[in-house]
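need coordinates for the below:
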Amino acid sequence: MKNSTEHTNLSTEQQLAMAKAAASGDEPARKMVNSVVHPLIDYQTSRFCKRFCSENQHLYRCTLKPPMGSLRKDVAWCEWGNASYGWMLNDLSHEKRLLKYQAINGAKLFDYFYQIANSLPFYERWKDWRFGRKVHVPTYIKSLSPDASSIFLSLRSGESINFIAQKLSKSIEDTESLVQRIICLLTEKNRLHLLNPPKLVSMTESDDTDSEQADRQTDLTSFDEAFDIQEDKQRLQLAWSKLEAVEQYVLEALLIEEQDADDVLHALRTMQLSIKKGVDAEQTNRQQLYYFRRKTLDRLASLMREDIE
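Numbers count the residues shown, from 1 in each chain. So this is what the prediction gives:
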C-alpha cells in the first residue's frame, strides 16, 4: 500500500488515474485521495468550528488540534469537529467531484481540492449543513446580479457589508448598492423576513418533538447574557415579526444600518411604498419619515408590553 506522501511524486496523468480509480471504489486509490485532502480538511474544520463554537467550548471536550476551551475529562466529546471532518471529506471527494478533476493546466489533485475548499460556495454549503439551513434564494433575487445570491446568504448570516465586499472582491459602494436593491425588492414583495438569520437546534436532542418545538433557537444555556435579557430579546423578536414590512424596513434602515434619511426616502419612492395613508410615496418628506419612525418604535414597544401582559 502506498504511503501518505507518495501522491506528491505522482504526475498529473497518474493523479488523474488515481482520482478515477477512487471514484470507482478502488480502496488503495481512495486511501491515497484521503491523504491528499486530509490537510485541507484538518485546517478548514478547525477554522470553521472555532468561528461558530459559541458555548460548546464550555460544555464539551474539543476534538480539534489544538483544542479549544475546557480540557476537563468528565464531560462528553463535542460532536461538531468530527462531524465537520466527515462532511468535508464527503463534499470534497465524492464520486462526482473526483470525476470532474481534469488536471487543467497541470493542476495536481491537491490544487483542485484547495480551490474548492477555499471557495465561498464551499463555505456556504458547510454553513447550510452546520445550521440545518435549506435556503431557497428567490429567482427575483438571483436575477439582480451574479453576486446577488451570495450577498443574500451573507446577509442572512449577519455578515457586515465590508466583510461581504472583501469576500466577493467588490467595492464597498457596489456591495452597498446591491444590498440596498435586495432589501428594497424583498420589502416590495413583503419577504423581508427571508433575511432573518437561521435558528440553531441541538445536534444531540431526540427528534420526538412536534414541529413547533423544533423551531426553537437553542437548548444550550448562554454564558454571556442574563435570563431576563434573553427574555427581552425573545419578546422583541416576537414583536418585530408583527410589524409591517415597511415598518421593519424603515427601522432597519434608519436605526440599525444608520442610512441617511434621503436614501431611505429614495428607496421608498422607488418601491412606491407609502408610510402615511393618503400621501403618495413621491410626496413623503423627511419630517414624515422621522414621525413614522417614532410611531413605529412606539408600536413596537406596545407589542412587547402586550406579550408581558
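
skip ahead from the least confident helix or strand in the chain by mean pLDDT and say which helix or strand is next.
Across the helices and strands of the chain, mean pLDDT, DSSP states H and E gives its lowest value to helix 227-241, namely a mean of 72. Downstream of helix 227-241, the first helix or strand assigned by DSSP states H and E is helix 245-251.

buried set for whichever helix or strand comes after that following helix?
Per DSSP H and E, the first helix or strand lying C-terminal to helix 245-251 is helix 261-271. Residues of helix 261-271 classed as buried by neighbour count (16 or more other CB atoms under 10 Å): A261, V264, L265, A267, L268, M271. (Each C-beta comes from the backbone N, C-alpha and C, glycine too.)

try stretch 47-61
Buried residues in stretch 47-61 (16+ other CB under 10 Å): F48, C49, C53, N56, Q57, Y60, R61.

could I get the CA-only coordinates of it as CSV?
Taking Å, rounded to 0.1, in the frame of the first residue of the first chain, the C-alpha atoms of stretch 47-61 are listed here in CSV:
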residue,chain,number,x,y,z
ARG,A,47,-11.1,27.3,11.2
PHE,A,48,-14.9,26.9,10.7
CYS,A,49,-15.6,25.2,14.0
LYS,A,50,-13.8,27.9,16.0
ARG,A,51,-15.7,30.6,14.2
PHE,A,52,-19.1,29.2,15.3
CYS,A,53,-18.1,27.4,18.5
SER,A,54,-20.1,29.6,20.9
GLU,A,55,-20.9,27.9,24.2
ASN,A,56,-19.8,24.4,23.0
GLN,A,57,-16.2,25.1,24.2
HIS,A,58,-17.6,25.4,27.8
LEU,A,59,-19.8,22.4,27.7
TYR,A,60,-17.9,19.8,25.8
ARG,A,61,-14.3,18.5,25.2
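
thinking again about what came up before, got TSV for the buried residues of helix 261-271, with pLDDT and distance to N118 too?
Shown next, in TSV, are the buried residues of helix 261-271 (pLDDT from 0 to 100; distance: CB to CB, whole Å):
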residue	pLDDT	distance to N118
A261	85	41
V264	85	37
L265	88	42
A267	81	35
L268	84	40
M271	75	38
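
which one of those residues is nearest L109?
A267 (48.3 Å; CB to CB).

same list, the buried residues of helix 261-271, but as JSON lines with distance to C184 please.
Below are these laid out as JSON lines (distance: CB to CB, whole Å):
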{"residue": "A261", "distance to C184": "16"}
{"residue": "V264", "distance to C184": "10"}
{"residue": "L265", "distance to C184": "12"}
{"residue": "A267", "distance to C184": "5"}
{"residue": "L268", "distance to C184": "9"}
{"residue": "M271", "distance to C184": "5"}
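
the helices in the stretch 1-150 of the chain, which residues?
Using DSSP state H, counting those that start in this stretch, the helices of the stretch 1-150 of the chain run over residues 12-23, 27-51, 56-59, 80-93, 95-100, 109-117, 120-130, 139-142, 148-156.

out of those, deepest packed?
For these, the largest average neighbour count (mean count of other CB atoms under 10 Å) is found in helix 148-156, namely a mean of 21.

what does it contact?
Residues outside helix 148-156 that contact it (CB atoms under 8 Å, 6 or more residues apart in numbering) are 120, 124, 133, 135, 137, 141-142, 145, 163-164, 167-168, 175, 178-179, 182, 194-198.

how far off centre is it?
Helix 148-156 sits 8 Å away from the centroid of its parent chain (CA atoms, centre = their mean, to the nearest Å).

what does stretch 65-80 give?
25 Å.

how about stretch 188-195?
For stretch 188-195 - counting by CA atoms, centre = their mean - the centre lies 17 Å from the chain centre.

can you get me a residue count around K233?
12 (other CB atoms under 10 Å).

hang on, isn't V246 packed against Q272?
No - judged on CB atoms under 8 Å, V246 makes no contact with Q272 at a distance of 10.9 Å.

tell me which of these two has more neighbours.
V246 (20 against 10).

and the pLDDT for the residue lying closest to that one once chain neighbours are set aside?
Here the nearest residue to V246 in space, its sequence neighbours aside, is L273; by CB to CB, 6 or more residues apart in numbering that works out to 5.1 Å. L273 is assigned 81 on the pLDDT scale.

A strand includes L273, no?
No - when the secondary structure is assigned by DSSP: H, G, I helix; E, B strand; the rest coil, L273 falls in coil instead of a strand.

low-confidence ranges in this protein?
In the predicted model of the chain, residues 1-8, 70-71, 132-136, 197-232, 307-309 satisfy pLDDT under 70.
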